Every structure is written in C-alpha cells, then in structure tokens.
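Novice: Predicted model and sequence follow; I will ask about them next.
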Amino acid sequence: MVANAVEATRGSGLPRHWWAFGVLALPATIYLVALQERASLAVFWAVGIAAGFVIQRSRLCFVSGFRDLYLLHQGRTLRGLIVGLGVATFGFAMIMGAIVPNPATGAVPQDAHVLPVGIATVAGGLLFGVGMVLAGGCVSGSLYRMGEGYVGSWVAMGGVMAGLFVFNRTWNWWWDFSISTAPREWLPARLGYTGSIALTVLLLAAAYIATLWWERRVPSFAMIPIKRAQPAPPASVGDDVKTALQRVFRKEWSPAAGAIALSLLNILLFIRYRPLGVVGEISRWANDLAAKAGQPVGVLKGLDTLAGCAPSITGSSWFTDGFMLNTGIIMGSFTAAVLAREFRLRIPRQPKRYAQSAVGGVVMGYGAGLGLGCTLGAFYSAIPSLALNGWVYAVALAVGAFAGSQIIRRLA
C-alpha cells in the first residue's frame, strides 16, 4: 500500500505535499502525546527520529564500515565514522569537563560510557563483530533497516533478543568471573582532559591513515563515476528551496556528513541526559517477554553500578526513554525511506539467509550483552567518553568483523 502510494507520486521532485504531510504527521503526533506524559519521552523520541533519518540517508552502517573495507577495500564509511568520532570527542569533553572539572579526584561522569574493561570486553567485541557481519547489520543498523522494510533485519532483531536473553541468564556468572573486578579506566583521570583528547585524536588519525593504507593495498572495486549533465541553475528562490529539500530528502548523504550529524545528536542528548545506546532497552524487551513466558532471568547483579548499554532491569511499563529512542530510529528511517521513495519490503529469496540473519543476531546479541553495548553504545559513545573500554572494544570488534567477513566470503 505504501509502495503504491509512493509510486503514484513519481514524476515530481519530491513526494506530493499531502503524502509528505501524512508521513510526518504520525511521528509529530506521537511527539506531542509523549510531551504531555514526560518531557524525556518526547526528547528521546525526537532524537530517535532524527538518528533514524540521518542513518538512513547516509547509509551509515557500522557493518559496512568494516565489511566493505575487508571484502572490497572500500573505507569510505569507516573513514566517515572516524570523522564523526572526532567531532563527538570534543563535544563530550566539554560536557564531561563541566560535570567533573578536576578528573584527578577520581570522579567519573555518571552517564558517560566508562565501563569495566577486561576479558568480557574483548570476548563481547569479538562475538559482536562476527555476529553483525553474519546478520548484515549491527543492532542500530538492524533498527534502521527494519524501517526500510528489510525482513531479514526483523529476523536478526529476533535473534538479538534471543542472544541477549541467553546472555542475561549467564550474566551473574560473568559478573562474578570478570565484570565486577575489571577496572574502569577513564583516560582523563590519568592524562587530564588535554592529554586524553590529544591521545584520542592521535589514535583516530592513525586509524584514518590505516584505513587509507588498507584501501590502497589492492585495487578497490569502487564504481567508476558516471558523468551526468549539470542541472540548470535555479531560476528563483522557490527553485533554490526545492533543490535544497531534494538534497536533504532525496540525495544520499556522504558517510562523513551522516556521522557528524549523528555525533551532534549524541552531544545534544548527553548535555541533558546520556549518550546514545540501544542495547540496554532491547535487553529489557527480551527479559520482559521471557518473564511473561514463564522464564524470568532473575536478579542481575551490579546493574545499578553500570552506565551505557548494560542489561536493563524489567520494569512495569514498556514506554521508557529507551523504548522511544529505539522505536524512533525505526520510524525515522521509515519516514526518510518513504520521502526518498526508497521504502519497499525486501524479502530474502534464499531460505538460508533467514538462518544466517537469525544466527548472526543471536551471536551479536550475546556479544552486545557481554561487551556492555553495541557499536553505537560501547564504541561510538564510549570512545568520545574518553574511556579505555571503547578502544579495546573497537579493536576486538574489528577482529571479529574480519573473521565474520571471511565466513561470509565462504557462504557466498
């Protein structure tokens, strides 16, 4: 039905005004209702909508960032993510500097993603890297692809929830074995803000250069640019506005532009609440559904001492800030895809793809729980938090993604 409606609008530069209004009316209405209930619900919904829109328009997929580098020697997406991390680092540092002016005291910003770093971090990153490549999307990537109509991503999300449920049943063992005793290393406590920012920027620059080097090791499979006729210059202010809207809603954004926009959203959210992260809420969904099915996970030790994407405690209401953020990402992606005339149901033709998505989701879900987050929370929000766990997770993630890429190569 949606596809038919969108198809009917072909021939104009943008969807007809009535259709665009209809697509935007639902998220706007939910925002107003949420605002009446609690301000934070509206804020997280709005940020989720914006994040889903940005990720969809820029195709900012963490999986493709690593997978394309390994399989196709294309590092455009990964380089964009590195640029976004640099922007977020400076923004996060200003926020944390206001919260903890003197990091030498040992205090740590409560909501920053400074988490225990140890065996669980490494194992979680490895598993997550393998799982996300098999599933064809990380957790946040699966959310945005769900909004685009990818059936495989819905299957993968079911696998993620199953993996998180299995992990939560083993959480207390991991807590006693490693997580509870693992150190939490916040770089400013040792290096100060200036030294921590300098080290982070240096490491990001090294990663950027290493990506360029990897791209040039062998000829890439980049498509040869097609020369297109230059459009006529705008004849009026109305044409200028129309062209600008087309660039936002119809043209694909660069990964760097998407990553910078996502980092700015992350900074804005951290100013008042906490950095972006989606796994903790999905873990709560898994726990709630399991409890309703007569398989409660029981008491999970140490949750009140962790920030970020740690497994969440089952609550009495599903309408939490995290719920609004996650569903907002799906809705934002759906809205962007429809306005760009890109939404359609994408059903895998080969049955093995369903199994691959499900198995990848389970592995990814277990790894997300073990690593205390996904690419968005334990990587994209942890490195700007100037936390050592973000870098350890990133290295393990890269190794896991490489292993997953080799598996994909053999399955193809």
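Specialist: Cool, the structure landed. Residues are numbered from 1 along each chain as shown.
Novice: where in the stretch 201-350 of the chain is pLDDT low?
Specialist: Counting by pLDDT under 70, the ranges of the stretch 201-350 of the chain that qualify are 219-249, 308-316.
Novice: go again using 80 as the cut-off
Specialist: Within the stretch 201-350 of the chain, the set of residues satisfying pLDDT under 80 comprises 218-250, 304, 307-318.
Novice: Tell me how many other residues crowd Gly84.
Specialist: Here the number of neighbours of Gly84 (other CB atoms under 10 Å) works out to 26. Using the backbone N, CA and C atoms, a C-beta is placed for each residue, glycine as well.
Novice: how close does the nearest residue to it once chain neighbours are set aside sit to Gly360?
Specialist: Ranked by CB to CB, 6 or more residues apart in numbering and with sequence neighbours excluded, the top spatial neighbour of Gly84 is Ala259, at 2.7 Å. In this structure, Ala259 lies at 24 Å from Gly360, with CB to CB, to the nearest Å as the measure.
Novice: that older thread, so the residue nearest to Gly84 sits against Ser58, correct?
Specialist: Yes - under the criterion of CB atoms under 8 Å, Ala259 is in contact with Ser58, at a separation of 7.4 Å.
Novice: Need the residues touching each of the two.
Specialist: With contacts taken as CB atoms under 8 Å, 6 or more residues apart in numbering, Ala259 and Ser58 have Gly80 as neighbours in common.
Novice: Looking at those two, which one has more neighbours?
Specialist: Between Ala259 and Ser58, Ala259 has the larger neighbour count (other CB under 10 Å), namely 29 against 23.
Novice: residues contacting that one?
Specialist: Applying CB under 8 Å, 6+ apart, one finds that Ala259 lies in contact with 58, 60, 80-81, 83-85, 87.
Novice: hey, C-alpha coordinates of stretch 24-38 in PDB?
Specialist: Once side chains and other backbone atoms are set aside, the C-alpha atoms of stretch 24-38 remain, and they are given as PDB (Å, rounded to 0.1, in the frame of the first residue of the first chain):
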ATOM      1  CA  LEU A  24       5.300  13.300   9.000                       C
ATOM      2  CA  ALA A  25       2.000  13.600  10.900                       C
ATOM      3  CA  LEU A  26       2.400  10.300  12.800                       C
ATOM      4  CA  PRO A  27       5.800  11.000  14.400                       C
ATOM      5  CA  ALA A  28       4.800  14.600  15.200                       C
ATOM      6  CA  THR A  29       1.600  13.400  16.900                       C
ATOM      7  CA  ILE A  30       3.500  10.800  19.000                       C
ATOM      8  CA  TYR A  31       5.900  13.600  20.000                       C
ATOM      9  CA  LEU A  32       3.100  15.800  21.200                       C
ATOM     10  CA  VAL A  33       1.500  12.900  23.100                       C
ATOM     11  CA  ALA A  34       4.800  11.900  24.700                       C
ATOM     12  CA  LEU A  35       5.500  15.500  25.700                       C
ATOM     13  CA  GLN A  36       2.300  15.500  27.700                       C
ATOM     14  CA  GLU A  37       3.400  12.400  29.500                       C
ATOM     15  CA  ARG A  38       7.000  13.200  30.200                       C
END
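Novice: now that stretch, how far from the chain's geometric center?
Specialist: Computed by CA atoms, centre = their mean, to the nearest Å, the separation of stretch 24-38 from the middle of its chain amounts to 23 Å.
Novice: Thr335 against Ala50, yeah?
Specialist: No - counting by CB under 8 Å, no contact exists between Thr335 and Ala50, whose distance comes to 10.3 Å.
Novice: which one of those two has more residues nearby?
Specialist: Using other CB under 10 Å as the criterion, Thr335 and Ala50 rank with Thr335 on top: 22 against 19.
Novice: Distance of Gly280 relative to Val23?
Specialist: With distances defined as CB to CB, the gap from Gly280 to Val23 amounts to 29 Å.
Novice: Please identify which of the two sits among more neighbours.
Specialist: Summary of the neighbour comparison: Gly280 and Val23, criterion other CB under 10 Å, with Gly280 having more neighbours (26 against 21).
Novice: Show the contacting residues for Val359.
Specialist: 134, 159 are the contacts of Val359 under CB under 8 Å, 6+ apart.
Novice: so how far is Ser153 from it?
Specialist: Val359 sits 14 Å away from Ser153 when distances are taken as CB to CB.
Novice: ok, now Val218?
Specialist: In this structure, Val218 and Ser153 are separated by 31 Å, where distance is defined by CB to CB.
Novice: So which of those two has more stuff around it?
Specialist: Neighbours were tallied for Val218 and for Ser153 using other CB under 10 Å; the higher tally belongs to Ser153 (24 against 9).
Novice: what about the closest residue to Gly152 other than its chain neighbours, how many residues close to it?
Specialist: Using CB to CB, 6+ apart and skipping the chain neighbours, the partner closest in space to Gly152 is Ser357 (4.4 Å). Neighbour count of Ser357, defined by other CB under 10 Å: 26.
Novice: Is Ser357 within a helix or a strand, and which one?
Specialist: Secondary structure here is read from DSSP states H and E; on that basis Ser357 sits in helix 351-370.
Novice: same thing with Arg190?
Specialist: Going by DSSP H and E, Arg190 is part of helix 187-215.
Novice: list the helices and strands that helix packs on?
Specialist: helix 62-72, helix 76-99 (3 or more CB pairs under 8 Å, 6 or more residues apart in numbering; DSSP states H and E).
Novice: Quick check: buried residues in the shortest one?
Specialist: Think helix 62-72. Residues 62-71 are the ones in helix 62-72 that count as buried (16 or more other CB atoms under 10 Å).
Novice: State the pair within those residues that is farthest apart.
Specialist: Of all pairs drawn from those, the greatest distance, 14.9 Å, lies between Phe62 and Leu71 (CB to CB).
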